[in-house]
Structure formats: structure tokens, C-alpha cells
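> Take a look and give me a structure for this.
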Amino acid sequence: MNNERRKRLKNSIQLLHQSSEILVDVVTDEEDTLNGMPESLSHTDRYQTMECAVNSLDEAIEKLDQVIELVEDAME
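The predicted structure follows:
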């Protein structure tokens, strides 16, 4: 792989890291909101929707980490 392609891949890795950081911030905020909800609301549709969103975002973060690792492997 030539230097120009490596440079482009390094840039993409930086962008993926930024995306992951944004997702982590959103998940943290959403989890804080869930943890602050009264127990009486824990079985509502809204709570379950928020919980599903957190789970989906956690999975997205894991997948982004996998993508970053794969791109780094490709650069070797």
C-alpha cells in the first residue's frame, strides 16, 4: 500500500474514532437518564425504547471498534 492510501486510511480511522466518541457520549447521557428515572417508570414503553436505543448504540460502538481494528490491520 502506498503512502497516499495509508494517509487516507489514517484519516478515516480518526473519523471513526470521533464517531465512536460521539456515540459513547450519547450512550452515557441516555444511560444517565435511564438511571435517573423513577422505578415506577421502568416498565413503560418509553423506558424500554430508551433501553433498546442504548443496547443498539453499544453494539454500534463495538462494531466501530472492530472496523477500526480491521482498517489498522489492512495498513500493516
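> how much distance is there from stretch 15-35 to the middle of the chain?
Centroid separation for stretch 15-35 versus its chain: 6 Å, with C-alpha atoms, centre = their mean, to the nearest Å.
> got the contact list for it?
The contact list for stretch 15-35, computed with C-beta atoms under 8 Å, 6 or more residues apart in numbering, reads 47, 50-51, 53-54, 57-58, 60-61, 64-65, 67-68, 71. For every residue, glycine as well, the C-beta is placed using N, CA and C.
> same check, this time on stretch 60-73
By C-beta under 8 Å, 6+ apart, stretch 60-73 touches Leu9, Ser12, Ile13, Leu16, His17, Ser19, Ser20, Leu23, Val24, Val27.
> From these, list the buried ones, please.
Using 16 or more other C-beta atoms under 10 Å as the burial test, these include Ile13, Ser20, Val27 as buried.
> Switch the residues you listed over to JSON lines; also include distance to Asn3, secondary structure and pLDDT.
Formatted as JSON lines, these follow (distance: C-beta to C-beta, whole Å; DSSP: H, G, I helix; E, B strand; the rest coil; pLDDT from 0 to 100):
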{"residue": "Ile13", "distance to Asn3": "15", "secondary structure": "helix", "pLDDT": "97"}
{"residue": "Ser20", "distance to Asn3": "26", "secondary structure": "helix", "pLDDT": "97"}
{"residue": "Val27", "distance to Asn3": "36", "secondary structure": "helix", "pLDDT": "98"}
